[in-house]
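Visitor: Sequence first, predicted coordinates after that:
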Amino acid sequence: DAGITQSPRYKITETGRQVTLMCHQTWSHSYMFWYRQDLGHGLRLIYYSAAADITDKGEVPDGYVVSRSKTENFPLTLESATRSQTSVYFCASSEASGSADTQYFGPGTRLTVL
Amino acid sequence: QKEVEQNSGPLSVPEGAIASLNCTYSDRGSQSFFWYRQYSGKSPELIMSIYSNGDKEDGRFTAQLNKASQYVSLLIRDSQPSDSATYLCAVGTGNQFYFGTGTSLTVIP
């Protein structure tokens, strides 16, 4: 039982390139989330999804795009990467309502934008 | 802007002592409260959730919630070196969690 997985685990890219981070969960959880974690800021929500084809912005959505065509997948795309997007990205999922239920986190993707 | 504040530490306690971690939040409409533990280089993992005023105990961990004061805390009894980590407070409002920046705890053997 893999739970929630992220790929790649590490990524180095250059400014201006498009990058897609993948998230896959095997629990059939309705809700999925993308966070970034930076020193001094903690975890900040980028986007979340309540179900397939339903997505909504979080606290820091600028520069990111998400989609959710299948319940189990929630990819995050940086359309034109910037150095300020260097961060650790965590995907999470929860079974029920996003704020009432426990969120389970993937292992994270460490992204460096040069 | 919804805010969740934690004392950033670092907090150091001797092995066997009680560690006390605190968190305040700004949104009175917040409905759910969570404590996560995060080891260096790892993802957050849930320790406790609490939804009602009062105390909730799970083994060596006790979460305390006071909605009137907008305050939630985590007590770790009989602290062990393996408890050394960063502890994140998360507050649920609407469909979102808001996280504090975390408190770094070191348990000294």
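Guide: Structure received.

Visitor: What's the separation between the residue of chain B found nearest chain A and B:S26?
Guide: Here the residue of chain B nearest chain A is B:G92; by CB to the nearest CB that distance is 2.9 Å. Quick note: C-beta positions are derived from backbone N, CA and C, even for glycine. Relative to B:S26, B:G92 is positioned 14 Å away (CB to CB, to the nearest Å).

Visitor: So if I had to pick from those two, which one is more boxed in?
Guide: The neighbour comparison of B:G92 against B:S26 (other CB atoms under 10 Å in any protein chain shown) goes to B:G92, with 24 against 14.

Visitor: pretty sure the more buried one is touching B:S32, no?
Guide: Yes - using CB atoms under 8 Å, B:G92 is in contact with B:S32, at 3.6 Å.

Visitor: what sits up against stretch A:63-80?
Guide: Under the criterion CB atoms under 8 Å, 6 or more residues apart in numbering or on different chains, residues A:16-26, A:28-30, A:32, A:34, A:46-47, A:49, A:51-55, A:82, A:85, A:89, A:91, A:111 lie in contact with stretch A:63-80.

Visitor: I'd like to know which of these are buried.
Guide: If you count burial by 16 or more other CB atoms under 10 Å in any protein chain shown, the buried members of those come out as A:19, A:21, A:23-25, A:29-30, A:32, A:34, A:46-47, A:49, A:52, A:55, A:85, A:89, A:91, A:111.

Visitor: Using the three-state scheme, assign the spatially most central residue of chain A.
Guide: Nearest residue to the geometric centre of chain A (CA atoms, centre = their mean): A:W34, 2.8 Å. Secondary structure, DSSP: H, G, I helix; E, B strand; the rest coil: A:W34 is strand.

Visitor: Quick check: the residue nearest to it when sequence neighbours are not counted vs chain B, distance?
Guide: Closest residue to A:W34 apart from its sequence neighbours, by CB to CB, 6 or more residues apart in numbering or on different chains: A:I46 at 4.4 Å. Applying CB to the nearest CB, to the nearest Å, the value for A:I46 to chain B is 11 Å.

Visitor: Let me know the pLDDT of B:T62.
Guide: pLDDT for B:T62: 97.

Visitor: What about the buried ones among the contacts of stretch A:63-80, which are in strands?
Guide: When DSSP state E is applied, those are split such that A:19, A:21, A:23-25, A:32, A:34, A:46-47, A:49, A:55, A:89, A:91, A:111 fall in strands.

Visitor: so where's chain A uncertain?
Guide: Counting by pLDDT under 70, chain A shows low-confidence ranges at A:1-2, A:97-100.

Visitor: Please list the residues of it that sit near chain B.
Guide: Counting by CB under 8 Å from any CB of the partner chain, the positions of chain A adjacent to chain B are A:31, A:33, A:35, A:40-45, A:48, A:50, A:56, A:58-59, A:90, A:97-100, A:102-108.

Visitor: need the contact list for B:L46.
Guide: Contacts of B:L46 (CB under 8 Å, 6+ apart): A:T102, A:Q103, A:Y104, B:F34, B:W35, B:Y36.

Visitor: Max pairwise distance over those residues: which two?
Guide: Largest separation among those by CB to CB: A:Y104 and B:W35, giving 14.6 Å.

Visitor: Between the two, point out the one with more neighbours.
Guide: B:W35 (22 against 19).

Visitor: That one sits in which helix or strand?
Guide: Under DSSP states H and E, the secondary-structure element containing B:W35 is strand B:32-38.

Visitor: what helices or strands is that strand leaning on?
Guide: strand B:19-25, strand B:45-50, strand B:61-66, strand B:71-76, strand B:85-93 (3 or more CB pairs under 8 Å, 6 or more residues apart in numbering or on different chains; DSSP states H and E).
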